[in-house]
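**Student:** Have a look at this fold, sequence not included:
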């Protein structure tokens, strides 16, 4: 075990699979750790570079571009230790200057994490609001099988994405009960398939397979009003690891459904229906159809959803703050590794920059 036990400052790189390029910097605060076979450990010469500075470089756009250009994609994407060893990390030679840069990046990263924690708490309020209005599902509400509330279930396309074609949503676009319209792909679809899988307002997308148990079954309603204006007029489709449920809108409000499925009871019901195979969790149309969903009168569902409008505004504001905070953090990373984050720059901009980062980290609830 001594051979694989991590020491403070050890930097791990993922060498294979979908996480190739991902990194982890070990700290004793994480407790005793060893590392597995698909990871590569680098024990850095700390007389030349601080491990934390090297770790921050792996968060830059330049590093991500390097990973994209190096990884082989025969079966599983992979980068070996020799290739990682050739990675060039720009850095000041003065360790004291490195420490000052790390301190500034630590401050920005801490604020970015605080923003993320606040946003996560905000997301967890949705189930609490549901329980406040309706109590615990199953106590006082009638219930109906989801299959009886849906006009059609459909799997998405398995056609490989490319540079052109219809905008296609994937697993990463279904997050925190909302559809994230950034980082989409495009897919060239034949007319027949395009017609079958084009999304309409109120369609609910479910993640049907994932290696993370907490992700399978997560869902979000397709809401055209939230689409960025530059792509709002384009048709949207969805990929094969998603399932679309087209609801009977006279029986079930899409937002009501997604909020219920985010409650403890909703998540438990979804996970009870999930199967596991080769380390992947899966849920299929048959299992989704058999889910029992509370069904108060539609007018009460819609009243509840109207009351969520202010909450959604808070979510939108928080998301905008988080995006701007991430942009500022990436700007600092660029300055740090381009040699521009000098003592002169810090003297001129540090106070103003930290104030802006702090305000963004606290924006919203």
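**Tutor:** The structure has been received and is ready for your questions. On a predicted model such as this, the values are computed, not experimentally measured, just so you know.
**Student:** switch to C-alpha atoms for all contacts and neighbour counts from now on
**Tutor:** OK.
**Student:** Pretty sure residue 8 sits against residue 31.
**Tutor:** No. Applying CA atoms under 8 Å, one finds residue 8 not in contact with residue 31, separated by 10.5 Å.
**Student:** Give me the neighbour count for residue 48.
**Tutor:** 13 (other CA atoms under 10 Å).
**Student:** Let me see the ranges of the strands in the stretch 201-350 of the chain.
**Tutor:** 204-207, 209-210, 219-221, 236-238, 242-247, 275-277, 280-282, 292-294 (DSSP state E, counting those that start in this stretch).
**Student:** Name the residues of stretch 39-51 that come out as buried.
**Tutor:** Using 16 or more other CA atoms under 10 Å as the test for burial, stretch 39-51 gives 39, 40, 41, 42, 49, 50, 51.
**Student:** Determine how far that stretch lies from the middle of the whole chain.
**Tutor:** Here stretch 39-51 is found 29 Å from its chain centre; the criterion is CA atoms, centre = their mean, to the nearest Å.
**Student:** Span of that stretch from start to end?
**Tutor:** Taking CA to CA, to the nearest Å, the first and last residues of stretch 39-51 lie 17 Å apart.
**Student:** who's in contact with it?
**Tutor:** Stretch 39-51 has contacts (CA atoms under 8 Å, 6 or more residues apart in numbering) with 9-16, 25, 81, 91, 93, 95, 98-99.
**Student:** ok, 6 Å please
**Tutor:** Defining contact as CA atoms under 6 Å, 6 or more residues apart in numbering, one finds that stretch 39-51 is touched by 9, 10, 11, 12, 13, 14, 15.
**Student:** Repeat that for stretch 89-105.
**Tutor:** If you take CA under 6 Å, 6+ apart as the criterion, stretch 89-105 is touched by 53, 337.
**Student:** how much distance is there from that stretch to the middle of the chain?
**Tutor:** How far stretch 89-105 lies from its chain's middle: 30 Å, per CA atoms, centre = their mean.
**Student:** between residue 8 and residue 31, who's got more neighbours?
**Tutor:** Neighbour count, other CA under 10 Å: between residue 8 and residue 31, residue 8 has more, with 12 against 8.
**Student:** and the nearest residue to that one once chain neighbours are set aside, how far is that from residue 9?
**Tutor:** Sequence neighbours aside, residue 27 is the residue nearest to residue 8 in space, at 5.2 Å (criterion: CA to CA, 6 or more residues apart in numbering). Residue 27 is 7 Å from residue 9, where distance means CA to CA.
**Student:** okay, now residue 279: neighbour count?
**Tutor:** With other CA under 10 Å as criterion, residue 279 counts 10.
**Student:** who touches stretch 257-267?
**Tutor:** Counting by CA under 6 Å, 6+ apart, residues outside stretch 257-267 touching it are 127, 220.
**Student:** To clarify, my last question referred to stretch 232-243.
**Tutor:** 154-158, 167-170, 197-199, 205-208.
**Student:** Looking at residue 27 and residue 9, which has the bigger crowd around it?
**Tutor:** Higher neighbour count among residue 27 and residue 9: residue 9, with 21 against 15, using other CA under 10 Å.
**Student:** Who are the contact partners of the more buried one?
**Tutor:** 26, 51.
**Student:** Name the SS class of it, please.
**Tutor:** coil (DSSP: H, G, I helix; E, B strand; the rest coil).
**Student:** try the one 4 residues further on
**Tutor:** Each residue gets one of three states, and residue 13 gets strand by three-state DSSP.
**Student:** which residues of the chain fall in helices?
**Tutor:** Secondary structure of the chain (DSSP state H): helices at 51-57, 61-70, 81-85, 95-134, 191-197, 254-260, 264-273, 285-289, 298-307, 309-338, 343-362.
**Student:** angle of the longest one against helix 309-338?
**Tutor:** Pointing back at helix 95-134 there. Orientation check (axes from the mean of the first three to the mean of the last three CA atoms, to 10 degrees): helix 95-134 against helix 309-338 gives 170 degrees.
**Student:** tell me which residues of helix 95-134 are tucked away?
**Tutor:** So, applying 16+ other CA under 10 Å, buried residues of helix 95-134: 98-99, 101-102, 104-105, 108-109, 111-112, 114-116, 118-119, 122-123, 126-130, 134.
**Student:** and the angle for it with helix 264-273?
**Tutor:** Orientation check (the same axes, to 10 degrees): helix 95-134 against helix 264-273 gives 100 degrees.
**Student:** so how far is helix 95-134 from its chain's centroid?
**Tutor:** With CA atoms, centre = their mean, you get 14 Å for helix 95-134.
**Student:** One more: the first one?
**Tutor:** In terms of CA atoms, centre = their mean, the centre of helix 51-57 is found 23 Å from the chain centre.
**Student:** nearest residue to residue 337 other than its sequence neighbours?
**Tutor:** Here the residue nearest residue 337, using CA to CA, 6+ apart, is residue 90, at 5.7 Å.
**Student:** and that neighbour, how many residues sit next to it?
**Tutor:** Neighbours of residue 90 using other CA under 10 Å come to 14.
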